[in-house]
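A.B. asks: I would like the atomic coordinates for the input below:
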Amino acid sequence: MNTPISWIKAYVPDLDVTPQEFVDKITLSGSHVENYNQYDKNLEKIVVGKVLSIEKHPDADKLVICQVDVGENDPIQIVTGASSAIEELGSSRELYPEAPEDGIYIFPDGAGVKPGDDAVKALGLDDTNVEYEITSNRVDCFSIIGMAREAAATFDLDLKLPEVNLKEASKEKTEDYISVDIQDTKLCKRYIGRVVKNVKIGPSPKWMQDRLRSQGIRAINNIVDITNYVMEEMGQPMHAFDLSTIADSKIVVRCAKDGDKFTTLDGVERELDKDVLMICDGEKEVAIAGIMGGENSMVTESMDTLLFEAACFDGNSIRKTERRLGLRTDSAGKFEKGLDPNLAEEAINRACQLVEEMGCGEVLKGSVDVYPEPVEPWKLPYEPEKMNALLGLDIPVETQLHIYDRLGLTYNEEDKTLTIPTFRQDLRCMADLAEEIARIYGYDRIPSTLPTTNAGIGGISYNEGINRIVRSLAEENGFSQAMCYSFESPKVFDKLLIPEDSIMRHAIKITNPLGEDFSIMRTLPLNGLLTSLSINYNRRNKDVRLYELGKVYLPKELPLRELPNEKERLALGMYGKADFFDLKGVVEEILSKLGFGKECDYVPTKDYPFLHPGRQADIMKGKLRVGYIGQLHPEAALNYDMKGEVYIAVINMDVASMLAKFDIKYSGIAKFPASTRDLALVCDKSVYVGNMEKIIRKNAGKFLENLELFDVYEGEQVAEGKKSVAFSLSFRAQDHTLKDDEVNPAIEKILSALSAEGIEIRA
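C.D. replies: I've put the predicted structure just below:
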């Protein structure tokens with residue numbers, strides 16, 4: 001949003017500050033200034049001159065000698081090539097179309113200047129244009145009057161807005177010339193039309209041209225300039241139609257049909273659809289609502305009767321339409337922010353007043369106003385004590401009410417409320433009212449204070465505590481955290497070798513994806529991790545360990561009828577100097593820290609197509625699947641551009657959190673020595689060492705303190721198809737030294753149980 005300070009001063013006449021003072025204070029009151037341009041900076045001692053005579057320079061073909069009256073007693077002689085004029089003053093011919101393409105700028109007739117006058121002032125360059133960054137909720141500030149109101153409140157000055165008093169000299173009525181039908185009241189909240197007869201098209205007055213020029217708008221003619229002027233002044237876009245082009249003297253506001261074509265004022269034919277709101281007459285479309293009029297109803301110099309429109313359209317609809325059509329206009333920029341419907345009447349009356357003042361035509365009596373659901377001012381409780389408490393201030397009630405009065409709010413003594421004008425759509429609660437006090441009172445005047453609230457004891461949830469333990473252990477074991485997307489490509493399932501009928505492919509499709517590669521919610525936590533491993537592998541990082549703690553999204557049914565199950569997973573991945581048992585050790589350490597690692601079994605399986613069929617296992621706690629571990633299938637590894645062995649493990653954090661237990665029991669340091677036994681056993685190669693450990697623990701009795709595998713051997717010393725497995729057992733009692741007759745029965749029971757499973761002591 002841009003505003004020239006001169007235009008602000010037209011409504012705040014007592015504003016007497018430098019441009020720097022203005023931008024500093026208006027920024028502190030909440031209207032952040034991005035930049036400001038002082039047009040007359042470095043433009044000094046430039047005056048209007050009257051050329052009395054011109055002669056060719058005797059020694060230079062491209063120069064002339066001029067005698068010029070600059071308001072002094074005698075003319076002065078100027079030698080010039082006159083190659084430019086307006087550009088040298090920091091402006092352009094875009095804003096001064098009357099300027100010659102190559103030569104001295106000549107003031108038009110009626111400009112009211114004389115030799116010796118300040119040329120900068122005569123050209124309207126004695127001004128400063130301020131550029132603001134206005135938040136979208138402050139739609140009232142996207143206008144000159146809105147910013148003038150802010151300036152008046154900020155500097156505590158009177159706001160003097162132009163009075164609108166229509167004469168309506170014509171005896172005829174607008175309602176006899178036009179009717180309005182709104183067919184979609186959700187997209188068009190209000191539509192007002194007024195008719196002007198005996199229109200006289202011509203140039204607008206200099207003061208209007210200067211103000212439009214200060215906004216970067218080129219003057220066209222009086223009617224178009226009036227609509228642009230009112231849009232900038234009040235923030236309400238308007239449009240003018242040649243009434244003779246409106247079939248059946250009827251305006252219909254409705255949506256277009258799919259495939260309709262419409263040629264806009266810029267001469268471009270545009271294809272419409274059913275979501276584009278249109279302004280139509282009895283036969284055809286005449287404008288794209290809120291964006292641009294049609295070529296078929298444009299204002300021409302031969303026009304006699306004019307229809308002004310002012311409306312309030314749905315902001316979301318306008319924004320979607322301009323994006324759909326690739327058509328961005330100043331009008332759309334206003335509407336998309338959500339205008340106050342009550343502004344339409346004020347604006348159209350202001351436009352008609354300007355028509356009367358400028359002698360552009362005769363304004364007919366009344367208007368046609370369709371306003372199905374009028375918006376009324378609302379009330380909010382005025383609670384000065386609460387606001388002071390919220391702000392940490394002690395601002396007197398009188399000061400607060402004075403600020404509200406400056407901002408256009410009205411205090412009601414009877415019910416202790418503030419009436420909020422409809423142009424302040426952002427004020428909806430006590431905190432909003434408190435903010436108004438703070439910004440106008442001055443953020444820089446608010447002292448720094450300590451919080452007055454009672455200090456509470458913070459904490460983390462149980463699940464977050466579990467997650468922190470898991471993260472810490474993963475990082476202690478050399479794993480770096482990976483952050484991966486939760487949405488991915490359907491092609492992931494093929495890369496992971498997942499069959500077409502697998503439930504793992506039952507993924508949620510995103511309705512508005514960023515692209516095909518981000519079109520589904522993941523059901524497995526592997527793709528992002530493997531992609532990160534692949535990047536490291538192909539950048540020749542030799543030994544990499546990564547982990548991710550994230551969610552997968554498992555739909556209860558497709559298509560979705562309710563929110564999916566969001567399950568948290570810990571995924572571990574590694575390659576390089578590591579093997580299956582290294583990763584298994586990390587998993588065991590994590591689960592042991594959670595209090596149930598020794599109770600878990602690693603059960604061989606072939607359920608995971610992305611894992612090596614002979615090197616994968618479920619991690620089970622009874623019948624509960626805690627997770628799985630294994631080597632990535634070589635073909636899947638190649639799909640991720642990796643060679644060699646890659647190992648992954650996934651822990652179901654919801655199950656792990658449920659099983660976790662931290663009731664740790666401590667005992668004193670043992671005073672008595674341990675009794676150790678080594679068992680060298682022979683069994684079939686197919687027997688799992690883990691099963692042997694279970695048998696030993698089950699039969700070792702209460703004195704078993706530790707069981708450790710220290711050797712697995714296959715070779716000449718054992719029969720073919722057999723292997724030798726050696727364990728070290730440690731027994732200890734807390735209250736005495738164990739004797740052989742206490743340990744030997746346990747060993748005999750272990751050997752008997754092992755023998756029953758075909759496992760014998762090695763000879």
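A.B. asks: need the strands for the stretch 1-150 of the chain, in chain order.
C.D. replies: For the stretch 1-150 of the chain, applying DSSP state E, counting those that start in this stretch gives strands covering 2-4, 32-38, 50-56, 64-69, 76-80, 128-133.
A.B. asks: What lies in contact with stretch 329-342?
C.D. replies: If you take CB atoms under 8 Å, 6 or more residues apart in numbering as the criterion, stretch 329-342 is touched by 136, 139-140, 142, 189-190, 231, 235-237, 239, 290-292, 312-316, 318-319, 321-322, 371, 374-375, 422-423, 425. All C-beta spots, glycine's among them, are computed from the backbone N, C-alpha and C.
A.B. asks: Need the buried ones from these selected in PyMOL.
C.D. replies: Burial among those is assessed by 16 or more other CB atoms under 10 Å; the matching PyMOL selection reads:
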select buried, resi 139+140+142+189+190+231+235+236+237+239+290+291+292+312+313+314+315+318+319+321+322+371+423+425
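A.B. asks: Which of the contacts of stretch 329-342 fall within strands?
C.D. replies: Under the assignment DSSP state E, the contacts of stretch 329-342 contribute Lys189, Arg190, His239, Met292, Cys312, Phe313 to strands.
A.B. asks: Could you save the strands of the stretch 1-150 of the chain as a markdown table and add columns showing mean neighbour count?
C.D. replies: Output for the strands of the stretch 1-150 of the chain, formatted as a markdown table (neighbours: other CB atoms under 10 Å):
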| stretch | mean neighbour count |
| --- | --- |
| strand 2-4 | 22 |
| strand 32-38 | 15 |
| strand 50-56 | 12 |
| strand 64-69 | 17 |
| strand 76-80 | 13 |
| strand 128-133 | 18 |
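A.B. asks: which stretch among those strands comes nearest Gly216?
C.D. replies: Nearest to Gly216, of all those, is strand 2-4, at 7.2 Å by CB to CB.
A.B. asks: which residues sit in contact with Gly361?
C.D. replies: Gly361 neighbours (CB under 8 Å, 6+ apart): Val196, Lys197, Asn198, Val199, Lys200, Leu306, Val355.
A.B. asks: what about burial for the residues you listed, which qualify?
C.D. replies: With burial judged by 16+ other CB under 10 Å, the buried subset of these is Val196, Val199, Leu306, Val355.
A.B. asks: For stretch 223-232, buried residues please.
C.D. replies: Buried positions in stretch 223-232, judged by neighbour count with 16+ other CB under 10 Å: Ile223, Val224, Asp225, Ile226, Thr227, Asn228, Tyr229, Val230, Met231, Glu232.
A.B. asks: Without its sequence neighbours, what residue ends up closest to Lys62?
C.D. replies: Spatially, and ignoring its direct neighbours in sequence, Lys62 is nearest to Gly81 (5.3 Å; CB to CB, 6 or more residues apart in numbering).
A.B. asks: hang on, isn't the one you found packed against Ile65?
C.D. replies: No: applying CB atoms under 8 Å as the test, Gly81 and Ile65 come out as separate, 11.4 Å apart.
A.B. asks: Which pLDDT value belongs to the residue nearest the centre of the chain?
C.D. replies: With distances taken as CA atoms, centre = their mean, the chain has Ser136 as the residue nearest its mean C-alpha position (12.6 Å). Listed pLDDT for Ser136 reads 86.
A.B. asks: what do you get for Glu21?
C.D. replies: pLDDT, read off for Glu21, is 94.
A.B. asks: so what's it up against?
C.D. replies: By CB under 8 Å, 6+ apart, Glu21 has no neighbours at all.
A.B. asks: List of residues touching stretch 598-615?
C.D. replies: Residues contacting stretch 598-615 (CB under 8 Å, 6+ apart): 496-499, 502, 526, 580, 584, 588, 591-592, 616-622, 626, 628-634, 636, 648, 688, 690, 694.
A.B. asks: try it again with 6 Å
C.D. replies: With contact meaning CB atoms under 6 Å, 6 or more residues apart in numbering, stretch 598-615 is reached by 496-498, 591, 616-621, 630-631, 633, 636.
A.B. asks: same deal with stretch 738-749?
C.D. replies: With contact meaning CB under 6 Å, 6+ apart, stretch 738-749 is reached by Ser675, Arg677, Asn699, Ala700, Gly701, Phe731.
A.B. asks: Check these and tell me the two furthest apart.
C.D. replies: The most widely separated members of the contacts of stretch 738-749 are Ser675 and Asn699, with 16.5 Å between them, by CB to CB.
A.B. asks: Return the subset of the contacts of stretch 598-615 lying in helices.
C.D. replies: Among these, the members found in helices (DSSP state H) are Leu591, Ala636.
A.B. asks: Pipe the contacts of stretch 598-615 into CSV and attach distance to Asp109 and neighbour count per row.
C.D. replies: Shown next, in CSV, are these (distance: CB to CB, whole Å; neighbours: other CB atoms under 10 Å):
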residue, distance to Asp109, neighbour count
Leu496, 81, 24
Leu497, 85, 15
Ile498, 83, 19
Leu591, 93, 24
Gln616, 93, 24
Ala617, 96, 22
Asp618, 95, 18
Ile619, 93, 25
Met620, 97, 17
Lys621, 97, 17
Gly630, 91, 26
Gln631, 91, 20
His633, 88, 20
Ala636, 84, 22
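A.B. asks: next one: phi and psi at Leu738?
C.D. replies: When read as degrees, to the nearest 10, the backbone of Leu738 gives phi -70, psi 140.
A.B. asks: what's the neighbour count on it?
C.D. replies: Neighbours of Leu738 under the rule other CB atoms under 10 Å: 16.
A.B. asks: can you pull the pLDDT of it?
C.D. replies: 92.
A.B. asks: Same check on Tyr666?
C.D. replies: Tyr666 carries a pLDDT value of 78.
A.B. asks: can you check Asp102 too?
C.D. replies: 66.
A.B. asks: ditto for Ala578
C.D. replies: Per-residue pLDDT puts Ala578 at 85.
A.B. asks: swap in the one 3 residues further on?
C.D. replies: Per-residue confidence (pLDDT) for Phe581: 88.
A.B. asks: Flag every buried residue along the helix or strand harbouring it.
C.D. replies: If you go by DSSP states H and E, Phe581 is part of helix 580-593. By neighbour count on 16+ other CB under 10 Å, the buried set for helix 580-593 is Phe580, Leu583, Lys584, Val586, Val587, Glu588, Ile590, Leu591, Lys593.
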